[in-house]
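K.L.:
Have a look at this prediction, sequence included:
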Amino acid sequence: MAPEFLERLLENLPPSPDPDGRLLCGPEGNEDATVVRVPEGRALVQTVDILSPIGNDPYTFGQIAAANALSDVYAMGGEPWCAMNIAFFPSTPKAAAEGLGMDVLTAILRGGADKLHEAGGVLAGGHTVEDEEPKYGLSVTGVVDPAHVATNAALCPGDVLILTKPLGTGILSTVAKAHWDGWEEAEAEFCRWASRLNRVGASVIRELGLRAATDITGFGLGGHALEQARASLVTVALDAESVPLMNRVLDYAGDGLVPAGSHANKRYCSCSVEVSPRVSPLLVSVLFDAQTSGGLLLAVPEHLADRARALLEAGGDGAWIVGEVLPERPDGVLLEIR
């Protein structure tokens, strides 16, 4: 990206607050790298995620992309500590004339920075790449107690599965892109959920000492539940009718607005999935709908389920019981949809 474009861009962005001095040196001095203070006794959680534009508002897109990247830290039971921007954007006069000017990138970065600040993280710098198609995300570093990390591989038979956000961002974003009937309401719905942080769910992981969790993103609820089952050597049973859905998602699925990636998820997982004949094919498609910044799927020992739900709801999150963990089946079925 041209130096003069980058210089003007940075002038338009406020400095990132660092109230507790996490950055020993960083962006202000144009250093080659950032040096970060790490809390004693904590392990690092590191992840990176980048999105193509979702929705029509650049600031909201920045918020969603940041929430999506931060979610991986929350799924491990961690807390965001710092992050670095990763932005792909055109800086040519032609792009500006077509509506992709510096104001758009500035809004994206402001959205991301505000969401990171909401999460309690510090912006430590970033990198930009000249590209015709905008893309944005974060490389996130979180911190976690090394003795209390939630993973995919710790499901236990008898655990109750609790989901914290409804499904449907993949389908509703397709509706918005197509300007289908009701697209503005669909966009507002998925943006409201996708921009919401999973910090409450992460606090429940820490408070109750939960050992297994994941966030629902590109593989859909079915795909991520299957990943957990495979890693834990168990079978997961999902109660399809108990899974929460965003408004009109089933109607739009019936209109054929399920994105190609969601169909690919279902095909890929099919050899390890058993679907009850009572479950409609449309609902099965929604269970594999590729999510952006979806909720957490928490595996909770049955005796802690009521307490977990109360904590989630007190923090403003959803707390839907969507399934349970069963012993491993000998026939290779890892996921039952019933």
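P.N.:
Structure received.
K.L.:
Provide the backbone phi and psi angles at T128.
P.N.:
phi -120, psi 150 (degrees, to the nearest 10).
K.L.:
my guess is it contacts M102, does it?
P.N.:
No - contact criterion CB atoms under 8 Å: T128 and M102 do not qualify, at 11.5 Å. C-beta coordinates here come from the backbone N, C-alpha and C atoms, glycine included.
K.L.:
So for the two, which residue has more residues nearby?
P.N.:
T128 (20 against 16; other CB atoms under 10 Å).
K.L.:
so what's the more buried one bridging to?
P.N.:
A87 (DSSP bridges).
K.L.:
Let me see the contact set for L44.
P.N.:
V38, W81, T141, G142, V143, V144 (CB atoms under 8 Å, 6 or more residues apart in numbering).
K.L.:
and I337, how far is that from V275?
P.N.:
Relative to V275, I337 is positioned 5 Å away (CB to CB, to the nearest Å).
K.L.:
any residues in contact with both of these two?
P.N.:
Contacts common to I337 and V275, judged by CB under 8 Å, 6+ apart, are V284.
K.L.:
neighbour count winner among these two?
P.N.:
A direct count of neighbours by other CB under 10 Å for I337 and V275 places I337 higher, at 23 against 20.
K.L.:
Now the phi/psi pair for that one, please.
P.N.:
phi -110, psi 120.
K.L.:
Repeat that for A213.
P.N.:
For A213, the backbone dihedrals (degrees, to the nearest 10) come out as phi -160, psi 160.
K.L.:
burial of it, as a residue count?
P.N.:
Neighbour count of A213, defined by other CB under 10 Å: 29.
K.L.:
Identify the residues contacting V333.
P.N.:
Residues near V333 by CB under 8 Å, 6+ apart: T235, S272, V273, E274.
K.L.:
That one and A231, how far apart?
P.N.:
From V333 across to A231, the span is 16 Å (CB to CB).
K.L.:
Secondary structure element holding L283?
P.N.:
helix 281-287 (DSSP states H and E).
K.L.:
Output the contacts of V333 in CSV; the columns should cover distance to A150.
P.N.:
Shown next, in CSV, are the contacts of V333 (distance: CB to CB, whole Å):
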residue, distance to A150
T235, 20
S272, 23
V273, 24
E274, 27
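K.L.:
ok so L70 is a helix residue?
P.N.:
Yes - checked against DSSP: H, G, I helix; E, B strand; the rest coil, L70 lies within a helix.
K.L.:
Go ahead and confirm it touches G120.
P.N.:
No - here L70 does not reach G120: they are 9.9 Å apart, not a contact under CB under 8 Å.
K.L.:
of the two, who's got more company?
P.N.:
Using other CB under 10 Å as the criterion, L70 and G120 rank with L70 on top: 32 against 13.
K.L.:
dump the residue contacts of that one.
P.N.:
Per CB under 8 Å, 6+ apart, neighbours of L70: P80, A83, K115, L116, A119, G121, L138, V140, L197, N198.
K.L.:
could you dump those residues to TSV with pLDDT and distance to V45?
P.N.:
Converted to TSV, the contacts of L70 look like this (pLDDT from 0 to 100; distance: CB to CB, whole Å):
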residue	pLDDT	distance to V45
P80	98	9
A83	97	12
K115	98	17
L116	97	15
A119	97	13
G121	96	12
L138	98	13
V140	98	8
L197	98	15
N198	98	13
